[in-house]
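Peer 1: build the 3D model from these lines:
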Amino acid sequence: MRRLFSTVLTTAFVVGAACTTQAANPFSDVPAGHWAYDSISRLAAAGVIEGYGDDTFRGDRLMTRYEMAQIVAKAMAKGANVDKLAAEFANELDNLGVRITSLEKKSDNVIWKGSLLARYWNSRKKDDGVLEKRENKLLTARLEPTFLINDNWTGHARFEMNHVIGGAESPLQTKRMWIQGDYKNFRIRMGRLPQWSNVDDGMIYDDNMDAIQATFGRKIKATVTAGKSTRFDGIIDQEAADPISGKYVGVEVYNDRADKFTWGLGFHYWKDDKTNTMYEECGTSSISIYELGLGYKFDKNWALNGAYAFTNSPDAEHEPGQVPEKCSTDSKRAYSIELDYKKARPTVKDSYGLFVAYRQLGHYAVIAPTYDAIEHGERGFEIGGSYVVAKNMVATVRYFFGKKMHDEDGPGEENQSAKTLYAEFTSYF
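Peer 2: The predicted structure follows:
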């Protein structure tokens, strides 16, 4: 990879008039007489380059493709014409979540991506003192086309086929299908779309949903979602054959996730709208969840993220034919504290990421959490990491050890041990 000084000079030329802000050079190791001084000053003032946080630029070292992609992404955000650079670093920009609109317009009207996954779960959990063992092996193939409709609108889909090793195969299914409109500081999505709770990095919700969603803002954003959730993990087993359907409304306010310090506030409302399952279980047909999320990036390697959520309902569980028992406080609280070191980049061989976390997922304080090892109703440590064994081939391992929490306060109720090993190997194309 080229050295930073020559890269910055090239970027400064293509950014041109889009980044006309002038300011003094902020880096102590770039003297005023240096040949790249003006270019570095211009890009630093525009926020395209940031250095290392210790007043140094270190321009003589070799930079990675991912670091260059970050510079290109920031230049694109400033309105610079960097199509050639965007084409060169398309994979890295895609991993950063940057949509290269101008580049897409010059390609076919349908862009195909996909993945092949091999997943394995092995859990050991106690229920009323009895040890339950469970092992699942699953192969999954996914195809994800993007359809270019016009300058602002795109169509998206995910087609998926699953095969349980030693078991049944599922036919090809349409998991997602939505249209999306992107405008300046505004995005709207409609259809069966992937819903992700931004404030808590998916602690409350990470699943598909039939919904309409609008996002406003640039540095501070607000996302409003209304639709139907077909699963509520706090009420029924997430592997149940016939999950109950419920109405969902969510409102989230949060800052740019790329900022050094991140924050967010959220509200999630879920209501059983077709059956009496939840009312018979809890004496109420709806749950309101409130949450707060905070995060801090110490440097390019270390980051700490946390989230806390709570609900005031239900007050008690009403098992048919039994005396109602008061719901435990733990069942109405959820939180996650996670420390991350580096991050696996699918296009960068030998890149890796590690994490350690302590989480509590109360039965009623989460809906469809994103985690693969810990499930709803559990509390404890989760550790793991990902490693890129070859370009676009990623191995992931997660391990949870903790407790399966009781959801009621009553005689004989106690937390019981729970352990789960999760492994995944994903190939992207």
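
Peer 1: can you give me the strands in the stretch 301-429 of the chain?
Peer 2: All strands of the stretch 301-429 of the chain, identified by DSSP state E, counting those that start in this stretch, fall at 302-310, 316-317, 325-326, 333-342, 352-361, 378-390, 393-404, 416-428.

Peer 1: pLDDT (mean, whole number) over the third one?
Peer 2: I take that to be strand 325-326. Per-region confidence: strand 325-326 scores 80 on mean pLDDT.

Peer 1: the fifth one too?
Peer 2: Model confidence over strand 352-361 averages 97 on the pLDDT scale.

Peer 1: so which bits of that strand are buried?
Peer 2: Tyr352, Gly353, Phe355, Ala357, Tyr358, Arg359, Gln360, Leu361 (16 or more other C-beta atoms under 10 Å). The C-beta positions use only the backbone N, C-alpha and C, and glycine is treated the same way.

Peer 1: can you convert these into TSV and add a column each for distance to Glu424?
Peer 2: Below are the buried residues of strand 352-361 laid out as TSV (distance: C-beta to C-beta, whole Å):
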residue	distance to Glu424
Tyr352	14
Gly353	13
Phe355	14
Ala357	17
Tyr358	22
Arg359	19
Gln360	24
Leu361	20
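
Peer 1: okay if I get the strands of the stretch 301-429 of the chain as TSV plus distance to Ile212?
Peer 2: Listed next are the strands of the stretch 301-429 of the chain as TSV, based on distance: least, C-beta to C-beta, whole Å:
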stretch	distance to Ile212
strand 302-310	23
strand 316-317	33
strand 325-326	37
strand 333-342	26
strand 352-361	27
strand 378-390	32
strand 393-404	33
strand 416-428	29
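
Peer 1: to Gly295, which of these lies closest?
Peer 2: strand 302-310 (4.0 Å; C-beta to C-beta).

Peer 1: show me what the closest one is packed up against.
Peer 2: strand 286-297, strand 333-342 (3 or more C-beta pairs under 8 Å, 6 or more residues apart in numbering; DSSP states H and E).

Peer 1: got the CA positions of that strand in PDB?
Peer 2: Taking Å, rounded to 0.1, in the frame of the first residue of the first chain, the C-alpha atoms of strand 302-310 are listed here in PDB:
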ATOM      1  CA  TRP A 302     -10.300  -0.500  21.600                       C
ATOM      2  CA  ALA A 303     -14.000   0.400  22.200                       C
ATOM      3  CA  LEU A 304     -16.400   0.100  25.100                       C
ATOM      4  CA  ASN A 305     -20.200  -0.100  24.500                       C
ATOM      5  CA  GLY A 306     -23.100  -0.400  27.000                       C
ATOM      6  CA  ALA A 307     -26.900  -0.300  27.000                       C
ATOM      7  CA  TYR A 308     -29.600  -0.500  29.600                       C
ATOM      8  CA  ALA A 309     -33.300  -1.200  29.100                       C
ATOM      9  CA  PHE A 310     -36.300  -1.600  31.400                       C
END
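
Peer 1: quick revisit: so which of the strands of the stretch 301-429 of the chain is nearest Gly181?
Peer 2: With C-beta to C-beta as the measure, strand 416-428 is the member of those nearest Gly181 (26.7 Å).

Peer 1: avg pLDDT for that closest one?
Peer 2: Mean predicted confidence for strand 416-428 is 95.

Peer 1: list the helices and strands that strand packs on?
Peer 2: strand 110-127, strand 378-390, strand 393-404.

Peer 1: tabulate the ones you listed (a markdown table), appending mean neighbour count and distance to Lys342.
Peer 2: Compiled in a markdown table, the helices and strands packed on strand 416-428 are given as follows (neighbours: other C-beta atoms under 10 Å; distance: least, C-beta to C-beta, whole Å):
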| stretch | mean neighbour count | distance to Lys342 |
| --- | --- | --- |
| strand 110-127 | 15 | 22 |
| strand 378-390 | 18 | 9 |
| strand 393-404 | 19 | 13 |
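
Peer 1: looking at those strands, which is closest to Tyr308?
Peer 2: strand 378-390 (13.5 Å).

Peer 1: quick one: that closest one to strand 333-342, angle?
Peer 2: Angular relation of strand 378-390 and strand 333-342 on a 0 to 180 degree scale: 30 degrees, by axes from the mean of the first three to the mean of the last three C-alpha atoms, to 10 degrees.

Peer 1: which residues touch the closest residue in space to Gly385 that isn't next to it in sequence?
Peer 2: Of all residues not flanking Gly385 in the chain, Leu354 sits nearest, at 4.0 Å (C-beta to C-beta, 6 or more residues apart in numbering). Neighbour list for Leu354: Asp340, Tyr341, Lys342, Gly384, Gly385 [criterion: C-beta atoms under 8 Å, 6 or more residues apart in numbering].

Peer 1: hmm, 7 Å instead?
Peer 2: With contact set as C-beta atoms under 7 Å, 6 or more residues apart in numbering, Leu354 has these partners: Tyr341, Lys342, Gly385.

Peer 1: also Tyr358?
Peer 2: Counting by C-beta under 7 Å, 6+ apart, Tyr358 touches Ile337, Phe381.

Peer 1: I appreciate the help and will end here.
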